[in-house]
Structures are given as structure tokens and as C-alpha cells.
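S.K.: Provided below for reference: sequence and predicted model.
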Amino acid sequence: MPLKKILVTGGCGFIGTNFIRHTLEKKPYWSILNLDALTYAGNPANLESMPEDMAARYMFVHGDIRDNELLKRLFIKHNFDAVIHFAAESHVDRSILGPEAFVETNVIGTFRLLDASLKHWKAHGRHPEFRFLNVSTDEVYGSLGKTGYFTEKTPYDPSSPYSASKAAADHFVRAYFRTYGLPVLVTNSSNNYGPYQFPEKLIPLMILNIVESRPVPVYGDGKNVRDWLYVIDHCDALIKVLEEGKPGETYNIGGGEERQNIEVIHNLCDILDERLGRAGKNSSRRFIQFVTDRPGHDRRYAIDSSKLNGELGWKPEHSFEDALEATVDWYLRHNEWIKSVKTGEYRKWIEKNYHTR
Ligand code: NAD
Ligand code: TYD
């Protein structure tokens, strides 16, 4: 089997790291070049210490997806068979306090990557096997009420600068299919959780705050609902879509595990009480504090994954309860990793986002 050469962008972030580690193990005939600008969210150490046969098929390039010249050089040198595009500014609260970086990376960066891919694809006789997979979010669909699910036909209605920038990127990706025929795929997934997630997102932030006996800030009434997807299930879905998805199509990927934020936080408190030997008056729930809500806070996300299930046979393999425990245990075991991401920049963010709430 000839080596399949994949360009992964943003592979030093949360999902990209899990994707690269999981895929190199699962697909012994894939090689991966990871292009990452190493923003605060990117940590190249995530991909050190891989088994030798995996490391031999992995290469890292420190660079920005907006850099046209670099993209051109990489495509010419490596002649990629596929692009899997994770690189993004990914945190809603940061997009509220500083939207421009989201336009730069998520919109302009995606456009430059698409354009470089198109030039490469044309230069190689419009190879029918080439794929550009855009990893997107369910947040482009806006908010659901108490009932219903997002399908691939739900109209886009983004609420935050983050989701607006991801929506714009998705539109560009589809336009490159309709206008130029570039074989693209779009996936819109629900909230991921698991190892290597930067502790600004709900689950890892709450784990660290509970462990450190710090306040656990719940936005609004805590009843916003997210549909939780274990990151490894997401990675398996992406492999399926890349290998078997139909160019031009969109696939929703959901965990099918809807929970109110406050339920997730209670779960985390209970798991950690057990792990840390806390009970009664000492229970971790005493750290919960309801704080000012996020502006434009979407009430509920829930994904209908029946297209992906029916057409490609994917379904999530991990239950929320089991994978949440595994995630907590991963953070408890990885003190060095936590120390390495809690830089000065991290502390500045916590101060900026939480001190006035
Ligand atoms: P992340 O913030 O953990 O990682 C993003 C990575 O992109 C980092 O390594 C960062 O250094 C890199 N990056 C940022 N700007 C770059 C640039 N200009 N050039 C090159 N690299 C750059 O994000 P994540 O949670 O792993 O999300 C990955 C993708 O999946 C994003 O596109 C996100 O929108 C999407 N997504 C995430 C979730 C989720 O729950 N985390 C859910 C659905 C979709
Ligand atoms: P987050 O992990 O930021 O993901 P997203 O906003 O992309 O869904 O937040 C998940 C949910 O948790 C969301 O409803 C906002 C809420 N939340 C809090 O209540 N407190 C917090 O400190 C954070 C970061 C999030």
C-alpha cells in the first residue's frame, strides 16, 4: 500500500493532537505533516514521545496557514493526497473579547489554504482522490430551543464571532467545490472533550479549578445544553468521512449525549470527590459559583448524526460517563502537561475573562 500523505493543520491543538496520535496508530500507511503556528493553544510537546514507527511517519512544520509562500512550498515538496484542516482560533469567550484573530485565522487562513489546495489539485490533473476536509462546528447553526436537532440542512445562524468566522470558512469551502470542483468535505461536530484540551474550555477548566479548590464559574443559570462528543469518537468519524465521504457533502458528528452544564459540573465534582477523598461539607460542589452569563450564549446544541450513521456506518463508541472519568484521570495523571500550558498567557486570560464576572 503506498503511503498516503496528509497535511494536517493545527495538529498541536486539542483535536489535532488526538487525531494525529490516533491516526498514525490506526493507519500504518498514512504519513502526516503537521503545520501549526503554535499559538497559546498549540503545544508541540503533545506529539513528542510517540512509538518509533509512528514518529517515522510524522513531521512538524512551524508556520501559519495564512503564509501563501510556505503553503506553496509545502504542497510542491510533499505532494499531499489530502488536507485535514483543524487550525483555528477556537474559543468563544476569546472571540467575544478579541474577534479579529478569528477573522484572520478562521476566514483568511482557511481561504489561503483552500487556494493553495486548489492550485495543487489543478497542477496534478485534478486528481479525483484528492480531499480537503474542513473540520467545523455545530455552532454555525446557532441555538436550538428545548426540542429538535441540527441536521445538515439546518440554516446557518451563528451567534458569536467564533461561530460566524467558522460559518464564513464553511461557505468558502463549499464555494470551492461548486465553483472549481475542488473535492471538499465539511464536518460539523458537537462539543469535544478528552485528553490534551486546553484548560479554557468548560470540562478541563472545571477539572483544574476543582482540583485546586478554586471557584467553579457557571455562566448564567447553568442550564445551557451541549451535546458531548469524546474526541476519539470524533477522530474516527473524521477518518471515515475522509475515506468514504462524498465530495461536496457535509456530515454532522454528534455524541448523542446532551447535558446541561450544571449536570456536567456536578458529574465532575462527584468523580473528583471520589478521587480526592472529599465528602459531605468538603464536597467539591461548594466551589460552584453562578457568574454573569456569556453574551449571545446559545441555549442548546444537539446533533442529528443519522446521515453519518446511515451512509458511512459511524456511531460514537464511548459513553459520556466512562469517557468523562477517563478524561478526569488523564488530567490527574498529567501534571507536567498542565504546568506546561499554564503559562503567563494562560494566567492573563483567566484574569481577563473571569475577574469582572
Ligand atoms: P485548539 O484551539 O485546541 O487548537 C487550534 C490549533 O490551531 C492550535 O494548535 C494552534 O496553534 C493552531 N493555529 C491557530 N492559528 C493558526 C494559524 N494561523 N496557522 C496555523 N496554526 C494555527 O482547537 P481544537 O479544539 O483542537 O479545534 C480544532 C478544530 O475543530 C477547530 O477548527 C475548531 O473550530 C473545530 N471544532 C472544535 C470543537 C471542540 O469542541 N473543541 C468542536 C467542533 C469543531
Ligand atoms: P465551552 O467549553 O467554552 O464551549 P462552547 O462555548 O464552544 O460550547 O463552553 C461549554 C459550555 O459551558 C457553554 O454553555 C458555556 C459554559 N461555560 C461556563 O459555564 N463556564 C465557563 O467558565 C466556561 C469556559 C464555559
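M.R.: Great, that's in hand. Ligands and ions are numbered 1, 2, ... in the order given.

S.K.: Just give the nearest non-adjacent residue to whatever residue of the stretch 251-357 of the chain ends up closest to ligand 1, would you?
M.R.: Using CB to the nearest ligand atom, the closest approach of the stretch 251-357 of the chain to ligand 1 is made by Ile253 at 8.2 Å. From N, CA and C alone the C-beta is placed, and that goes for glycine too. Distances taken as CB to CB, 6 or more residues apart in numbering put Ser189 closest to Ile253, at 3.9 Å, once the chain neighbours are dropped.

S.K.: which residues does that neighbour contact?
M.R.: By CB atoms under 8 Å, 6 or more residues apart in numbering, the contact list for Ser189 reads Val135, Ser136, Thr137, Asp138, Leu229, His234, Ala237, Asn252, Ile253, Gly254, Ile303.

S.K.: Over to the residue of the stretch 251-357 of the chain closest to ligand 1: give its phi and psi.
M.R.: phi -130, psi 110 (degrees, to the nearest 10).

S.K.: mind listing what it touches?
M.R.: Thr187, Asn188, Ser189, Ser190, Leu229, His234, Ala237, Leu238, Ile303, Ser305, Leu308, Trp314.

S.K.: Going by distance to ligand 2, which of those wins?
M.R.: Ranked by distance to ligand 2 (CB to the nearest ligand atom), these are led by Ser190 at 8.7 Å.

S.K.: Enumerate the residues of the stretch 1-150 of the chain near ligand 2.
M.R.: Residues of the stretch 1-150 of the chain lying close to ligand 2 by CB under 6 Å from any ligand atom are Val92, Glu139.

S.K.: gap between the residue nearest to Ile253 and Trp337?
M.R.: According to CB to CB, to the nearest Å, Ser189 stands 24 Å off from Trp337.

S.K.: strands paired with the helix or strand where Asn188 lies, and their directions?
M.R.: Per DSSP states H and E, Asn188 falls inside strand 184-189. If you go by DSSP bridges, strand 184-189 pairs up with strand 131-137 (parallel), strand 250-253 (parallel).

S.K.: would you turn the ones you listed into TSV with distance to Lys281?
M.R.: Listed next are those as TSV, based on distance: least, CB to CB, whole Å:
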stretch	distance to Lys281
strand 131-137	40
strand 250-253	42
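
S.K.: JSON lines for those strands, including mean pLDDT?
M.R.: Formatted as JSON lines, the strands paired with strand 184-189 follow (pLDDT from 0 to 100):
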{"stretch": "strand 131-137", "mean pLDDT": "99"}
{"stretch": "strand 250-253", "mean pLDDT": "99"}
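
S.K.: What segments of the stretch 151-300 of the chain are helices?
M.R.: 161-180, 202-211, 231-244, 261-276 (DSSP state H, counting those that start in this stretch).

S.K.: Check which helices and strands the second one sits against.
M.R.: Right, helix 202-211. Counting contacts by 3 or more CB pairs under 8 Å, 6 or more residues apart in numbering; DSSP states H and E, helix 202-211 packs against strand 216-219, helix 261-276, helix 320-333.
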